[in-house]
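>>> I'll drop the sequence and a predicted model, then ask my questions.
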Amino acid sequence: MQNLTIMDDGIQLRAILERPNLGRCPLVIVLHGFTSSKDKGHTVAACQAMREAGFATLRFDLYGHGESGGEFKRHTLYQWILNTLAVIDYARPLDFVTDIYLSGHSQGGLTAALAGGMAPDRVKGLILRAPAFMIPRCAREGSLLGFTFDPKRIPEEIQIIKGLTLGGNYIRVAQTIHAEDAMDRFPGPVLLIHGEEDDVVPPEDSRAAAKRYQNCQLELIPGETHHFDRCPEQMKTVIRDWLIKQPK
Ligand code: FER
């Protein structure tokens, strides 16, 4: 286990690299969700499953989250995409790395999907857990996490959960994003995992994405929630089984 600081245009991104063995192997770069961090239990558990399948993991805190730099209020999907591209740039030359996969939960899953569509030449496959494909649609409709606004008159800031404030530019950026373009641009293998009892991001979004991606396996987990905390073993088994099938 190695603690890293990866720089993205002056911002420090804190990361943890863990390898399954001392040999060469593929690496999964792992993104957390909105207001979460690289150290959240279900993200750590997902990484464990990846290493059990022989893949190294690099989980990191995104802009304005966890131990990384940047203000929460100023974070946007664009910053998260650029963070992800910077971590890919960091990881590519590492001597043990054969291929790079991206994985993310919720807003991090959306970000991984968007970065994958931008860099299909560098990203071998995607593992998306409850990806929040709804965020751009909600920003266009004027409703984020129960906060409603006129989508044509974007507020300076909005108060969201946990006493946190989100800046208007988060909404501006989200309104212009069309995740379907990123899906169409990614020909590689995709694993989509969604809890059937997720009441934050609808499983229906993953059903639609699974139809749109060219090469996708959809796993809907009965009884599971947005945070995969009811039966983490089911999520881990799905990840492990899918990664073991990937050509090394
Ligand atoms: C939203 C729905 C979901 C939203 C954020 C999320 C900011 C992200 C959830 C997560 O990453 O867990 O409307 O608005």
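Alright, I've got the coordinates.

>>> confirm that M7 sits in a strand.
Yes: when classified by DSSP: H, G, I helix; E, B strand; the rest coil, M7 is found to be part of a strand.

>>> touching, it and N83? I think so.
No: applying C-beta atoms under 8 Å as the test, M7 and N83 come out as separate, 10.5 Å apart. Any C-beta I mention is one placed from the backbone N, CA and C, and that applies to glycine too.

>>> name the residue in these two with the higher neighbour count.
Neighbour totals were compared for M7 and N83, and N83 leads with 27 against 11 (other C-beta atoms under 10 Å).

>>> so what's the more buried one up against?
Going by C-beta atoms under 8 Å, 6 or more residues apart in numbering, N83 touches 8, 11, 13, 60, 62-63, 68.

>>> switch the cut-off to 10 Å
6, 8-9, 11, 13, 31, 60-65, 68, 70, 75, 111, 115 (C-beta atoms under 10 Å, 6 or more residues apart in numbering).

>>> which of the residues you listed fall in helices?
111, 115 (DSSP state H).

>>> in strands, which of the contacts of N83 fall?
6, 8, 11, 13, 31, 60 (DSSP state E).

>>> the helices in the protein, which residues?
41-52, 77-91, 107-118, 134-141, 168-175, 179-184, 203-212, 232-245.

>>> out of these, which gets nearest to the ligand?
Comparison of the helices of the chain against the ligand by C-beta to the nearest ligand atom identifies helix 107-118 as nearest, at 3.4 Å.

>>> gap between the closest one and the chain center?
6 Å (C-alpha atoms, centre = their mean, to the nearest Å).
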